[in-house]
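1. this is a predicted model, with the sequence first.
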Amino acid sequence: MSLHTLSFLSPRSLNFRLIASFFSILLLIFSIGNVITIQLAREQLYQQRDAQIAAQRETFRIEIEQAEQHLIADLQAQLAIITKAVRGPLQNHVSVVRDVGESAEAQIVRQFADCLRNTETSRIYSCLKVHAHHFSLDSIDLTNHLMIKTSIELLLSREELVAVEVLDWEDQLFAGYALDRDGILHPLRQRFASQRQILRRLEQPVVEDDYLGRVIFHYHTETIDAQSRRAEESIAQFIEYSDRSAVTATHQITQTRLIEGVIFFVLSLLAISIITLVTIIRPLTQLTRHAEYIAQGDWHVIQACDASVQRRDELGILIRTFNLMLETIRTTHQELKNANTCLEQKVKERTRELEEKNQQLERLSSTDGLTQISNRVKLDEQFREQLQLAQRYDAVFSILLCDVDFFKRINDTYGHQSGDLVLIEMAQLLQQEMRQTDHVGRWGGEEFLVILPETSLTDALALAERLRCTIANHTFPGGPTSVTISAGLSSYQIGDTQETMVERADQALYRAKSEGRNRVLAYS
Ligand SMILES: Nc1nc2c(ncn2[C@@H]2O[C@H](COP(=O)(O)OP(=O)(O)OP(=O)(O)O)[C@@H](O)[C@H]2O)c(=O)[nH]1
């Protein structure tokens with residue numbers, strides 16, 4: 001994993017902050033969306049519940065209304081039967097009272113009415129039979145009275161019905177029955193006036209050419225009320241159940257929304273990460289890497305960043321500016337490179353010239369101007385080196401100090417220029433005769449010094465002798481035909497310095513001069 005990838009994870013990185021911002025916005029959107037969705041779902045649930053409750057209430061109301069209507073219709077039908085049944089007896093009763101008055105017959109009727117109030121039908125029947133001859137009450141009337149009781153008994157089987165009153169034309173109780181709390185039928189002795197409950201009344205006039213009386217039903221609606229209460233309880237239970245269901249449904253919706261939200265959130269995060277990676281992080285990473293290359297001076301290995309010319313955002317501007325900067329750097333660098341190359345060439349040229357001058361200077365400083373061999377300065381240096389080698393390795397070396405004989409005479413005879421030519425020719429001869437490893441130089445005036453490394457005094461003597469002969473036999477052009485030299489030799493001895501060695505060679509040279517010149521002598 002590269003440092004760039006790791007820096008992406010750093011909380012201080014721009015990428016991290018961008019993703020964190022997206023994350024927060026997503027979380028906020030998700031939370032608000034979740035709350036709104038759950039609230040909407042909850043409201044929808046409660047609306048559905050209210051609609052169901054209203055529908056249920058309407059259903060119950062219709063059912064109760066229908067039950068009440070059915071009860072009333074039923075009671076009215078029964079009332080019609082009773083009314084029809086009591087028509088005959090009431091007619092008779094009216095006739096008796098009107099015709100007979102409150103006489104013995106009236107008492108008989110009253111007695112009959114009393115009998116009628118009794119539940120024992122046989123007694124009624126026997127009472128009627130006993131008093132039948134007193135008034136025109138035949139078996140049909142008897143049947144009618146029996147019908148009244150039987151009908152009432154039958155009708156009272158209806159649980160809502162509490163009492164039945166048959167009133168005569170004077171609103172006096174003609175016959176009546178009531179049910180006690182145990183459902184047992186009792187004849188009424190007087191007009192029905194129960195306080196135990198609020199009762200409803202249903203009455204029907206009895207008419208046969210004339211008003212004979214009326215039949216009154218006293219009934220209650222407890223069954224219907226109970227049905228209504230049950231309906232209310234049922235609705236209350238439904239509300240409780242629906243409330244619980246709504247809570248459960250809300251929880252389920254919350255869970256579902258939470259799971260959906262998490263999935264949505266993860267997918268969004270993934271999408272945002274990919275988009276951010278492609279559109280922001282990759283270009284930024286490339287920019288960063290390129291900037292690092294530029295900082296390290298390796299900008300020439302990189303190309304321009306992605307061709308994001310189409311991007312209109314800040315990053316696009318940054319990339320284009322970066323590419324422009326890169327191009328400017330390249331151009332500037334190329335110009336610098338060209339200038340540098342030019343400069344390098346100039347420096348090289350100047351250096352070469354300088355080196356040549358230095359070499360020339362060195363050559364001049366170490367070369368004798370006339371003879372073009374080493375001068376005294378160079379000879380001193382070579383002498384020092386040779387002395388160090390001899391001291392270090394205990395090596396042997398010798399020096400040869402030679403001087404042109406009667407050189408003043410040559411100058412005087414042939415001129416100074418001819419003398420110079422003799423010196424030049426002499427230097428060439430010395431170089432020719434000596435080995436490559438020997439160091440030949442002009443010591444001063446017409447004196448030459450030759451350093452002979454790895455050469456003993458004996459070998460140096462032989463070498464000097466051969467040189468002397470060569471010079472003596474050499475023909476110098478434009479001047480004296482014969483020139484000789486005298487030479488003095490010395491070899492290194494332990495503790496020697498340049499001065500001591502030259503001193504000894506000089507003494508030998510002096511001796512050679514003294515002994516007649518054109519000779520070579522070693523210091524002894
Ligand atoms: N042409 C010329 N003459 C030089 C040069 N250097 C020294 N001389 C002359 O060389 C002469 C040396 O003379 P002396 O020192 O007397 O030695 P000599 O004449 O060679 O006598 P001996 O050495 O004793 O044989 C002097 O006249 C110097 O002027 C030089 O570079 N060129």
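-> On my side now, so go ahead.

2. could you export stretch 290-297 as PDB, CA atoms only?
-> In PDB, the C-alpha atoms belonging to stretch 290-297 read as follows (Å, rounded to 0.1, in the frame of the first residue of the first chain):
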ATOM      1  CA  HIS A 290       3.500  14.800 -10.200                       C
ATOM      2  CA  ALA A 291       4.200  17.700  -7.700                       C
ATOM      3  CA  GLU A 292       6.500  15.400  -5.800                       C
ATOM      4  CA  TYR A 293       8.300  14.400  -9.100                       C
ATOM      5  CA  ILE A 294       8.600  18.100  -9.800                       C
ATOM      6  CA  ALA A 295       9.900  18.800  -6.300                       C
ATOM      7  CA  GLN A 296      12.500  16.000  -6.700                       C
ATOM      8  CA  GLY A 297      13.500  17.300 -10.100                       C
END
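
3. which parts of that stretch are buried?
-> 290, 294 (16 or more other Cβ atoms under 10 Å). (Each C-beta comes from the backbone N, C-alpha and C, glycine too.)

4. mean confidence score for it?
-> Throughout stretch 290-297, pLDDT has a mean value of 82.

5. try stretch 225-243
-> 83.

6. off-centre distance for that stretch?
-> 54 Å (Cα atoms, centre = their mean, to the nearest Å).

7. and stretch 302-322, by the same measure?
-> That offset, for stretch 302-322, works out to 23 Å (Cα atoms, centre = their mean).

8. kindly check the end-to-end length of that stretch for me.
-> 12 Å (Cα to Cα, to the nearest Å).

9. and stretch 437-457, what's buried?
-> Buried, per 16+ other Cβ under 10 Å, within stretch 437-457: 438-443, 446-453, 455, 457.

10. near the ligand, list only the ones from the residues you listed.
-> The residues of the buried residues of stretch 437-457 that also fall near the ligand, by Cβ under 6 Å from any ligand atom, are Glu446.

11. from the buried residues of stretch 437-457, which ones fall inside strands?
-> When the buried residues of stretch 437-457 are checked against strands (DSSP state E), the matches are 439-443, 447-453.

12. all strands of the stretch 151-300 of the chain, in order?
-> 161-168, 173-179, 185-187, 200-208, 210-219 (DSSP state E, counting those that start in this stretch).

13. for the first one, output the C-alpha coordinates as PDB.
-> Below are the C-alpha coordinates for strand 161-168, written out as PDB (Å, rounded to 0.1, in the frame of the first residue of the first chain):
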ATOM      1  CA  LEU A 161     -92.200  -7.200  26.700                       C
ATOM      2  CA  VAL A 162     -92.700  -6.500  30.400                       C
ATOM      3  CA  ALA A 163     -96.400  -5.900  30.600                       C
ATOM      4  CA  VAL A 164     -99.600  -5.800  28.600                       C
ATOM      5  CA  GLU A 165    -102.600  -3.700  29.700                       C
ATOM      6  CA  VAL A 166    -106.100  -4.000  28.100                       C
ATOM      7  CA  LEU A 167    -108.000  -0.800  29.100                       C
ATOM      8  CA  ASP A 168    -111.700  -0.400  28.600                       C
END
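
14. of all the buried residues of stretch 437-457, which comes closest to Leu370?
-> Leu370 lies nearest to Arg442 out of the buried residues of stretch 437-457, by Cβ to Cβ, at 7.5 Å.

15. the nearest residue in space to that closest one that is not next to it in sequence and Leu267, how far apart?
-> Leaving out its chain neighbours, the residue that sits closest to Arg442 by Cβ to Cβ, 6 or more residues apart in numbering is Asp368, at 4.3 Å. Noted for Asp368: a distance of 97 Å to Leu267, by Cβ to Cβ, to the nearest Å.

16. before we move on, what about Ala339?
-> As judged by Cβ to Cβ, Ala339 and Leu267 stand 58 Å apart.

17. what of Gly441?
-> Shown here: Gly441 relative to Leu267, a distance of 97 Å by Cβ to Cβ.

18. residue contacts, the residue of the stretch 301-450 of the chain found nearest the ligand?
-> Going by Cβ to the nearest ligand atom, the ligand is nearest to Gly419 of the stretch 301-450 of the chain, at 2.5 Å. Neighbour list for Gly419: 407, 410-411, 446, 479 [criterion: Cβ atoms under 8 Å, 6 or more residues apart in numbering].

19. which single residue of the stretch 151-300 of the chain ends up nearest the ligand?
-> Gly297 (61.3 Å).

20. now do the longest helix belonging to the chain: which elements does it pack against?
-> With secondary structure taken from DSSP state H, the chain has its longest helix at helix 14-95. Judged by 3 or more Cβ pairs under 8 Å, 6 or more residues apart in numbering; DSSP states H and E, helix 14-95 is in contact with helix 3-9, helix 104-117, helix 139-155, strand 161-168, strand 173-179, strand 200-208, strand 210-219, helix 222-276.

21. point out the most buried one among the ones you listed.
-> Sort the helices and strands packed on helix 14-95 by mean neighbour count, taking mean count of other Cβ atoms under 10 Å, and strand 161-168 sits at the top with a mean of 24.

22. so what strands line up beside it?
-> Note on strand 161-168: by DSSP bridges, its sheet partners are strand 173-179 (antiparallel), strand 210-219 (antiparallel).

23. show me what contacts Asp438?
-> Contacts of Asp438 (Cβ under 8 Å, 6+ apart): 450-453, 455.

24. ok, so what distance separates it from Leu429?
-> Asp438 is 13 Å from Leu429, by Cβ to Cβ.

25. and the nearest residue to Ser366 once chain neighbours are set aside, how many neighbours?
-> Taking Cβ to Cβ, 6+ apart, and ignoring the residues beside it in sequence, Ser366 has Lys378 as its nearest neighbour in space, at 3.6 Å. By the measure other Cβ atoms under 10 Å, the count of residues near Lys378 is 19.

26. how about Lys378, phi and psi?
-> Here is the backbone geometry of Lys378 (degrees, to the nearest 10): phi -70, psi -40.

27. and for the one 10 residues further on?
-> Per-residue torsions, Gln388: phi -60, psi -40 (degrees, to the nearest 10).

28. what's the burial count for the nearest residue to His290 once chain neighbours are set aside?
-> Counting by Cβ to Cβ, 6+ apart, Ile302 is the residue found nearest to His290 once chain neighbours are left out, at 5.0 Å. For Ile302, the neighbour count with other Cβ under 10 Å is 15.

29. buried residues in stretch 396-409?
-> Under the neighbour-count criterion of 16+ other Cβ under 10 Å, stretch 396-409 has 396-405, 407 buried.

30. show me those residues that map onto helices.
-> Counting by DSSP H, the part of the buried residues of stretch 396-409 found in helices is Phe407.

31. please narrow the buried residues of stretch 396-409 to those residing in strands.
-> Among the buried residues of stretch 396-409, the members found in strands (DSSP E) are 397-404.

32. next one: the closest residue to Glu515 other than its chain neighbours from Val502, what distance?
-> The shortest distance from Glu515 to any non-neighbouring residue, by Cβ to Cβ, 6+ apart, is to Leu521 (7.3 Å). Applying Cβ to Cβ, the value for Leu521 to Val502 is 15 Å.

33. same deal with Arg181?
-> With Cβ to Cβ as the criterion, Arg181 and Val502 are 171 Å apart.

34. looking at these two now, which is surrounded by more residues?
-> Val502 (20 against 6).

35. pretty sure the more buried one sits against Leu401.
-> Yes. Val502 lies in contact with Leu401 (Cβ atoms under 8 Å); the separation is 6.7 Å.

36. between the two, what contacts are shared?
-> With Cβ under 8 Å, 6+ apart, Val502 and Leu401 have common neighbours Leu449.

37. per-domain residue ranges of the chain.
-> Domain assignment of the chain by automatic domain parsing yields the ranges 75-221, 303-366, 376-522.

38. mean pLDDT for these: which is lowest?
-> domain 75-221 (a mean of 70).

39. and for the residue nearest to Arg442, the neighbour number?
-> Asp368 has 22 nearby residues by other Cβ under 10 Å.

40. surely it meets Gly444?
-> No. In this structure, Asp368 is not within contact of Gly444 by Cβ under 8 Å, at 9.6 Å.

41. so which of the strands of the stretch 151-300 of the chain comes closest to Ala54?
-> The nearest among the strands of the stretch 151-300 of the chain, by Cβ to Cβ, is strand 200-208 at 28.5 Å.
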